[in-house]
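Asks: Just to be clear, the model below is a prediction. Sequence and coordinates:
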Amino acid sequence: MKKRFLSLLCVLALCLGLLPVTALAAGEDAPGKLWVGQTQITESDYWKTTDDGKLTSNGASANDYNVYYDGNGTLTLNGATIQGGTSTVSVPYDAGIYAQCSNGQSVTLTIKLIGENTITGTYGIFLNAEISASSYGTDATLTITDENNGSLGVSGSDHGIYVKSGTGNASLNIKNVAVTSSTNGNYAAGVYVMSSSNATGSPKLSLAVNGGSLTASGGTRSDGILFNVESSQATGATTSLTVSENAIVDARNGEISATGVNITPKLNIGSTGSTGGIVWNGAEGTVYGNVTLDESLTINQGETLTVPDGSSLNCNGNLTNNGTIIVEKGGNLTGDPGGTVISAPTIGTQPASQTVTK
């Protein structure tokens, strides 16, 4: 009996040893499928990138790598150059990075950046919570954050960064890092946040930039940043873009818009927390909340930056004004940016009734 029990334990241990690493390590919202470049990632490991943007494990280690995946939804890029493949009609859709949900689950991917990183493909980054028309997940959440002096340049012949929900919410979060996302497709967006045709009720489509910057450039006939409600059933869908910690969102090459199949969702732009940021929507920029410029900013000729009521802008020696700054009543501008500044008139002394003799 004892021998039979020990044999059973050995068989069980052998079976567990044969299971894929991701089946043991991944959380339920980690990608069910993950591709980086033209390599499918199935477990925690380190890789280097080649000159043509592919991955190789040769010579890669914890002390010398360009790509590291922890097996649980966090991908670290360390001076990586990543290029998508050639399959545009099936997974991974020629995306530089492609992450897909497991059926019925949400999908969350966090990308940490070290040094300068570049991603290209038909889609630069594609986070997908829809497997097929009959198989899909719920929420899709992509977070891009700084690990050590990180930056990221993303480009796609279709959308640059594409976040697509299943039945639920779609969100892109950028934290304390500089991200540039562009496309050369005529009808493609630099950043595309979308709820799928399977969404119902009130899905939330959101983009939040907390510190750092996002520069999004659209195609010749599309937007820098586009929110899209694809389902006619999602009549309560909301869209939001928020900035904080002196972040700058730059959609000067293309604009920011929200569209829907059965509705035209209201585009909500604002700030969160005690500090805010600046959002450029085409040639018009707006200061949200209280902003102190940490990085250099240039207002080009023909462009207008508005400081509305309740907002303040401290130039901090980092603003070059070749266009026009409008300071509305209740707004505050600190520092001398030069150029044209139009301020609402202020009344220093309260008017009083006077008698005038002809």
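Replies: Noted; the coordinates are in hand.

Asks: Confirm that Asn186 sits in a strand.
Replies: No. Counting by DSSP: H, G, I helix; E, B strand; the rest coil, Asn186 is not part of a strand but coil.

Asks: Now do the phi/psi pair for it.
Replies: phi -60, psi -40 (degrees, to the nearest 10).

Asks: Might one say that it is in contact with Gly218?
Replies: No. The pair Asn186 / Gly218 is not scored as a contact, 9.5 Å apart, by Cβ atoms under 8 Å. Quick note: C-beta positions are derived from backbone N, CA and C, even for glycine.

Asks: who's more crowded, those two?
Replies: Between Asn186 and Gly218, counted using other Cβ atoms under 10 Å, Gly218 has the larger neighbour count: 29 against 10.

Asks: Give the bridge partners for the closest residue to Thr259 other than its chain neighbours, please.
Replies: Of all residues not flanking Thr259 in the chain, Asn228 sits nearest, at 5.3 Å (Cβ to Cβ, 6 or more residues apart in numbering). Applying DSSP bridges to Asn228 gives these bridge partners: Met194, Thr259.

Asks: How many residues are close by Asn228?
Replies: Neighbour count of Asn228, defined by other Cβ under 10 Å: 22.

Asks: so it makes contact with Val191?
Replies: No. Between Asn228 and Val191 no contact is recorded; they are 11.3 Å apart, counting by Cβ under 8 Å.

Asks: quick one: contacts for the residue nearest to Thr259?
Replies: The contact partners of Asn228, by Cβ atoms under 8 Å, 6 or more residues apart in numbering, come to Tyr192, Val193, Met194, Ser195, Leu205, Ala258, Thr259, Gly260.

Asks: For those, which entry has the maximal number of neighbours?
Replies: Ranking the contacts of Asn228 using other Cβ under 10 Å puts Ser195 first, with 33 neighbours.

Asks: What confidence value was assigned to the closest residue to that one other than its chain neighbours?
Replies: With Cβ to Cβ, 6+ apart as the criterion, Ser195 has its nearest non-adjacent residue at 4.2 Å, and that residue is Pro203. At Pro203, the pLDDT value in this model is 95.

Asks: Tell me which other helices or strands the helix or strand encompassing Gly285 touches.
Replies: Here Gly285 sits within strand 284-288, counting by DSSP states H and E. Where contact means 3 or more Cβ pairs under 8 Å, 6 or more residues apart in numbering; DSSP states H and E, strand 284-288 is packed against strand 267-271, strand 277-281, strand 304-307.

Asks: Any buried residues in it, and which?
Replies: By neighbour count on 16 or more other Cβ atoms under 10 Å, the buried set for strand 284-288 is Gly285, Thr286, Val287, Tyr288.

Asks: Now do the same contact list for the closest residue to Asn290 other than its chain neighbours.
Replies: Among residues not flanking Asn290 along the chain, Ser312 sits closest, at 4.8 Å (Cβ to Cβ, 6+ apart). Applying Cβ under 8 Å, 6+ apart to Ser312 gives the contacts Val287, Asn290, Val291, Gly331, Asn332, Leu333, Thr334.

Asks: Provide the backbone phi and psi angles at Ser312.
Replies: phi -140, psi 150.

Asks: Identify the bridge partners of it.
Replies: Legend: beta-bridge partners of Ser312 under DSSP bridges are Asn290, Asn332.

Asks: Same check on Val209?
Replies: Applying DSSP bridges to Val209 gives these bridge partners: Ile174, Val243.

Asks: Test my guess that it contacts Asn246.
Replies: No. In this structure, Val209 is not within contact of Asn246 by Cβ under 8 Å, at 10.1 Å.

Asks: what residues are shared contacts of the two?
Replies: Going by Cβ under 8 Å, 6+ apart, residues that sit against Val209 and also against Asn246 are Gly277.

Asks: Tell me who's in contact with Ile325.
Replies: Ile299, Thr304, Leu305, Thr306, Val307, Leu333, Pro337, Gly339, Thr340, Val341, Ile342.

Asks: So Val209 and Asn246 - more neighbours on which side?
Replies: Counting neighbours by other Cβ under 10 Å for Val209 and for Asn246 shows that Val209 has the greater number, 25 against 22.

Asks: quick one: that one from Asn66, how far?
Replies: Going from Val209 to Asn66 by Cβ to Cβ, to the nearest Å gives 25 Å.
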